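*Asks:* Could you look at this predicted model? Sequence included:
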Amino acid sequence: MTVTIDTSVLQTAKATKGWTDARLAAIAEVGPATVSRILNGHGKRRPHAKTLRRVCDALGLEPRDVLIPSQSAIRPGVTSGQSAIEEVA
C-alpha cells in the first residue's frame, strides 16, 4: 500500500508544543536529521514504521493521524482512509 505522510500535521503538533526539531528528535529518540527529513518530506525513502511511531508518540499523535492513503490504496466501499490506514499503522 502506498501512503503519504501529512507533514503539516506533524509540524503543527511540534509548533503547538514549542519544540525545535532537535527537541523532538531527543524526545522521540531519533536523529535530528531523521526528524528534519520526515517533517520536510525529504529523503529517498519513507521512514520505518517504528521511527514514525516514535515521532508520533512524542507529539501525542497516532500514525493514522498523519498517514494519507493513495486513492489506489482505498478499497471499494471504504468511505474514508481510516480502514486502509489501520493496516499500516
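*Replies:* Cool, the structure landed. Numbers count the residues shown, from 1 in each chain.

*Asks:* Which residue ranges of the protein form strands?
*Replies:* 3-5, 67-69 (DSSP state E).

*Asks:* elements contacting the first one?
*Replies:* By that I understand strand 3-5. On a contact count with 3 or more Cβ pairs under 8 Å, 6 or more residues apart in numbering; DSSP states H and E, strand 3-5 meets strand 67-69. From N, CA and C alone the C-beta is placed, and that goes for glycine too.

*Asks:* What is the least confident helix or strand in this structure?
*Replies:* In the chain, no helix or strand scores lower on mean pLDDT, DSSP states H and E than helix 82-86, which sits at a mean of 41.

*Asks:* okay, the strands of the chain in CSV with distance to Arg54, mean pLDDT and mean neighbour count next?
*Replies:* Shown next, in CSV, are the strands of the chain (distance: least, Cβ to Cβ, whole Å; pLDDT from 0 to 100; neighbours: other Cβ atoms under 10 Å):
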stretch, distance to Arg54, mean pLDDT, mean neighbour count
strand 3-5, 14, 83, 17
strand 67-69, 15, 86, 20
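
*Asks:* Quick one, which of the ones you listed gets closest to His48.
*Replies:* When those are compared by Cβ to Cβ, strand 3-5 sits nearest His48, at 12.3 Å.

*Asks:* how distant is the closest one from the center of its chain?
*Replies:* With Cα atoms, centre = their mean, to the nearest Å as the basis, strand 3-5 stands 8 Å off its chain's centre.

*Asks:* cool, and stretch 3-18?
*Replies:* How far stretch 3-18 lies from its chain's middle: 8 Å, per Cα atoms, centre = their mean.
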